[in-house]
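A.B. asks: Below: sequence and its predicted model.
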Amino acid sequence: MGRDKVENEELIRYAWPQDVWFHVDKLSSAHVYLRMPEEMTWDAIPEALLIDCAQLVKANSIEGNKKDNLTIIYTPGDNLKKTGDMAVGQVSFHNDKRVKRVHVPSRENPIVNRLNKTKVEREVDHEQERVDRLKQESAVKRAAANERRKAEQELAKARETEKAARSYDALFNVEEDPDVPRKYGRELEEDFM
């Protein structure tokens with residue numbers, strides 16, 4: 001969660017594609033990011049988690065905290081669009097169809113208090129997190145490519161041995177025994193008859 005609009009700017013710049021961005025619609029508020037597990041999609045967020053994020057955004061909006069019946073918008077981090085002419089902390093969207101809304105009728109203090117009790121503040125090096133994530137993703141891709149290459153090599157080798165087994169090329173190649181002396185010229189002709 002961003003503390004102010006300058007920190008929100010950093011969060012926009014370093015958002016991961018699987019992050020989900022939450023904000024109070026049409027009011028100033030903190031940007032809240034939900035880092036999704038790899039196997040979960042942004043449009044299948046559990047209802048309880050969605051309510052927690054919406055309450056957190058509402059509680060961290062100066063205007064929104066005082067109002068009831070708010071709309072909270074959320075979208076994947078890769079749908080956020082930032083252009084140079086926008087104000088600090090302001091965003092738009094690449095695709096408006098990928099923006100979902102959730103209605104918050106009023107502030108629910110038990111949820112906000114529970115979230116504030118478990119709040120942990122720490123300094124985050126967003127650039128280093130991005131570098132680490134990219135390294136990890138490329139390592140996974142390299143490992144998958146190596147596995148695929150090994151499987152292709154094994155398949156090619158199996159096909160080659162099968163082709164050699166079916167081939168008639170080696171049919172008349174008789175391997176000679178090195179212990180048996182070779183016959184030349186007259187010796188061969190004498191054995192013929």
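C.D. replies: In hand now; what should we look at?

A.B. asks: going forward, measure contacts between C-alpha atoms and count neighbours the same way
C.D. replies: Will do.

A.B. asks: Relative to N79, how far out is V124?
C.D. replies: Distance of V124 to N79, given as C-alpha to C-alpha, to the nearest Å: 23 Å.

A.B. asks: Counting neighbours around each, name which of these two comes out higher.
C.D. replies: N79 (20 against 8; other C-alpha atoms under 10 Å).

A.B. asks: That one contacts K97, correct?
C.D. replies: No - applying C-alpha atoms under 8 Å, one finds N79 not in contact with K97, separated by 10.0 Å.

A.B. asks: so what sits against both of these two?
C.D. replies: Residues touching both N79 and K97 (C-alpha atoms under 8 Å, 6 or more residues apart in numbering): none.

A.B. asks: lowest average confidence, helix or strand, in the chain?
C.D. replies: helix 186-192 (a mean of 64; mean pLDDT, DSSP states H and E).

A.B. asks: Now do the domain split for this structure, please.
C.D. replies: 5-122, 125-166 (automatic domain parsing).

A.B. asks: For this protein, just list every one of the helices.
C.D. replies: Remark: helices assigned in the chain by DSSP state H are 5-13, 47-59, 109-117, 126-166, 186-192.

A.B. asks: highest average neighbour count across those?
C.D. replies: With neighbours defined as mean count of other C-alpha atoms under 10 Å, the helices of the chain peak in mean count at helix 47-59, which reaches a mean of 19.
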